[in-house]
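Undergrad: the sequence and its predicted three-dimensional model are supplied below.
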Amino acid sequence: MISNAKMQMRDREFALISGLLAISAVLMYLFPSFAVENSAGQIDWITLPLVAFPLIAGTVLMAFASMQPYRLKDRIGQPIKLISLAFALMMLGISSGLLFGWLESINWDLSQYNRYELDFEYAWIQSIGVSWHVGLDGLSFSMVWLTTVLIPIVMITTWEEKIGWYHHPLILMMGGALIGVFVALDFFMFFVFWEMTLIPMFFLILKWGGDDRRYAAQKFFIYTFTGSVVMLLGIITLYFLQPSSQALVDQGVLTGRTFDMTQMAIGAQAAANADIAWLGIDMQKALFLMFLLGFLVKLPAVPFHTWLPDAHVQAPTAGSMLLAGVMLKMGGYGLFRVCATLFPEALLEYQWLLLTIGMVSLVYGSFVCLGQTNLKRLVAFSSVSHMGIILLGIATMEPLGFAGAIFMMFAHGIISPLLFAVAGAFKHHYHTLEIGSMRGMAKHSPWLATFMMFGWMASLGLPLLAGFVAEITVLIAFWKAFGWWVILPGITLIVTAAYYLWSMQKTIFEGGDDGEMPESLGGAPAPDISLWEVSGMMLLAMLTVLFGVLPWIFFDMMTGYAYGLFDGILLNVITGGA
């Protein structure tokens, strides 16, 4: 029997959580009345609602849960998950409001070099030139919207995950940190959020991962942190290479230098217009390689990819969905935001390097998939292959190739979470990841078989699905740049179809009339996925169809960004000022 005192304590806990949710709703309702506006009269929908609120709310919820006795955690688990989902839906509502013009009147398709449709700056560590500078353009907004749509879907898909009172707030914090990376326009702030994303993912793998989770978490952290250290050296070097500005000294910046990306982009554009390399071609090439290493490790691309299969195999479903869906895209985003924007001459010099790494990643990832027997490792290596397509798009040095590469980041960010949701459900319900251990899945688990077939088809580039738009766009740009060499990536995409069709045949269709149950079930009947899993996978499938049939919703803004980048700086570099 539970004493009246304990019952009253639980009631107070529910009242506290309900009160927090109500206060949050009121704050969001009143937010426009007290929010900061910029010189254009736009409300700062970025700093508090999209970055600060999820980080603070996730921290508070985890702290509140940790203070409770273990026997009470199950009771507060459901309200904490609901509050986490409410914050995630709030973020999605804000990003969708910005997309469709409900909150601000913005034309995302008309992008210009170094111009942001939303731009807010506040003094932070003024003495060394650090500011809280956030902004959104066609590149960053597509990644922010992708993040805000994935966070609630991941929460729904993994609603029944154990220790939900920590799990869902951690996902919420991950969302805030990821958005911080995509909106940061100050290198100091960019690096802080870049490293912050490691913390929730590390604990997701370590707490909810498989048998070798410690090894996978440590390998993930060491690889990505090492790449980040090299990138940090590049940031510090870039900071000190700037000439001291008396205007900044007059504003209280003791060093006369800044970490502001937009100010650096102004200098890079001015140098390109004068037909000279900003900071000198040799130094620009060195800086380019420093940042490139950090971004390729995160992407990842061959030969920096070895941490990814281990991380995916051991990660829980939520970890794999977020890792493949958004976290890997930080690498591609950095290539556009930093390398292409600030180091255009070095990008042109190392076009061959991006082409080589992209082609090797594409071919290697595809052929390695043919030999995989573990479902998650297969999907992980397919991600390496698809990241190669992004590098090929950049290597074309064509606006269409850039737009296709960005759309590949976006499309893969929707499709790959579906693939890992399927693989995670396979592991959860069948207690194995071996391809062929379960045969005749269509008969025993029709929902899981349906989503597996749909996800596999989407990933191999079936027309009218989002992946096809990205792949065909990059291939067209590749043909414009390199001619009939396009046959090589084209053949590789056929290999992609081969390993997906092989895994489907082994798992879904073979096994005769009654199928073959995996030994891991111990003779128990094969279960189908839960309503929560069906709901999450259904949402991802619908988005895959939506952006395959109506790609212009985001493709137009990506094309606008690509042409703005070319017209602003790259075209002058490519043509030599002609």
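TA: The structure has been received and is ready for your questions. Numbers count the residues shown, from 1 in each chain.
Undergrad: element containing the nearest residue to Trp307 once chain neighbours are set aside?
TA: With CB to CB, 6 or more residues apart in numbering as the criterion, Trp307 has its nearest non-adjacent residue at 3.9 Å, and that residue is Tyr223. Backbone N, C-alpha and C define where each C-beta goes, glycine included. Secondary structure assignment for Tyr223, by DSSP states H and E: helix 213-241.
Undergrad: and that helix, which residues are buried?
TA: Judged by neighbour count (16 or more other CB atoms under 10 Å), helix 213-241 contains these buried residues: 213, 216-217, 219-221, 223-224, 227-228, 231-232, 234-235, 238-239.
Undergrad: now for it, which elements pack on it?
TA: Under the contact definition 3 or more CB pairs under 8 Å, 6 or more residues apart in numbering; DSSP states H and E, helix 213-241 sits against helix 187-196, helix 198-208, helix 281-298, helix 307-314.
Undergrad: which of those helices is buried the deepest?
TA: helix 307-314 (a mean of 24; mean count of other CB atoms under 10 Å).
Undergrad: centre of the chain to that one, how far?
TA: Put simply, helix 307-314 sits 16 Å off its chain's centre (CA atoms, centre = their mean, to the nearest Å).
Undergrad: and the angle from the helix holding Tyr223 to helix 187-196?
TA: Per axes from the mean of the first three to the mean of the last three CA atoms, to 10 degrees, the angle that helix 213-241 makes with helix 187-196 is 170 degrees.
Undergrad: residues in contact with the helix or strand that helix 213-241 is followed by: which ones?
TA: Next helix or strand after helix 213-241 toward the C-terminus (DSSP H and E): helix 246-250. Contacts of helix 246-250 from elsewhere in the structure, counted by CB atoms under 8 Å, 6 or more residues apart in numbering, are 129, 255-258.
Undergrad: again, only using 10 Å
TA: Contacts with helix 246-250, where a contact means CB atoms under 10 Å, 6 or more residues apart in numbering, come from 126, 129, 242, 253-258, 260, 263.
Undergrad: now swap in stretch 228-238 and tell me
TA: So stretch 228-238 is contacted by 187-188, 190-191, 194-195, 198, 257, 259, 261, 264, 279, 283-284, 286-295, 297-298, 334, 338, 342-343 (CB under 10 Å, 6+ apart).
Undergrad: who wins for most neighbours among the contacts of helix 246-250?
TA: Gly129 (25 neighbours; other CB atoms under 10 Å).
Undergrad: taking the centroid of the chain, which residue is nearest it?
TA: In the chain, the residue lying closest to the centroid (CA atoms, centre = their mean) is Val326, at 1.3 Å.
Undergrad: and that residue, that one's in a helix?
TA: Yes - assessed with DSSP: H, G, I helix; E, B strand; the rest coil, Val326 lies in a helix.
Undergrad: once you drop chain neighbours, what's closest to Trp485?
TA: Using CB to CB, 6+ apart, the nearest residue to Trp485 is Phe478, at 7.4 Å.
Undergrad: same question, Ala277
TA: Glu345 (4.4 Å).
Undergrad: which strand or helix spans that neighbour?
TA: Using DSSP H and E, Glu345 sits within helix 344-349.
Undergrad: if you count neighbours, what's buried in the helix or strand following that helix?
TA: Once the chain leaves helix 344-349, the next helix or strand it forms, by DSSP H and E, is helix 351-369. Buried residues in helix 351-369, counting neighbours by 16+ other CB under 10 Å, are found at 351, 354-355, 357-359, 361-366, 368-369.
Undergrad: JSON lines for those, including pLDDT and distance to Phe555?
TA: Shown next, in JSON lines, are those (pLDDT from 0 to 100; distance: CB to CB, whole Å):
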{"residue": "Gln351", "pLDDT": "96", "distance to Phe555": "24"}
{"residue": "Leu354", "pLDDT": "97", "distance to Phe555": "22"}
{"residue": "Leu355", "pLDDT": "96", "distance to Phe555": "23"}
{"residue": "Ile357", "pLDDT": "97", "distance to Phe555": "25"}
{"residue": "Gly358", "pLDDT": "96", "distance to Phe555": "21"}
{"residue": "Met359", "pLDDT": "96", "distance to Phe555": "24"}
{"residue": "Ser361", "pLDDT": "96", "distance to Phe555": "23"}
{"residue": "Leu362", "pLDDT": "95", "distance to Phe555": "21"}
{"residue": "Val363", "pLDDT": "94", "distance to Phe555": "26"}
{"residue": "Tyr364", "pLDDT": "95", "distance to Phe555": "28"}
{"residue": "Gly365", "pLDDT": "94", "distance to Phe555": "24"}
{"residue": "Ser366", "pLDDT": "93", "distance to Phe555": "25"}
{"residue": "Val368", "pLDDT": "94", "distance to Phe555": "30"}
{"residue": "Cys369", "pLDDT": "93", "distance to Phe555": "27"}
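Undergrad: quick one, what contacts Asp567?
TA: By CB under 10 Å, 6+ apart, the residues touching Asp567 are 111-113, 399.
Undergrad: please tell me how far Ala421 sits from Gly101.
TA: Taking CB to CB, to the nearest Å as the measure, Ala421 falls 31 Å from Gly101.
Undergrad: who has more neighbours, these two?
TA: Ala421 (28 against 11).
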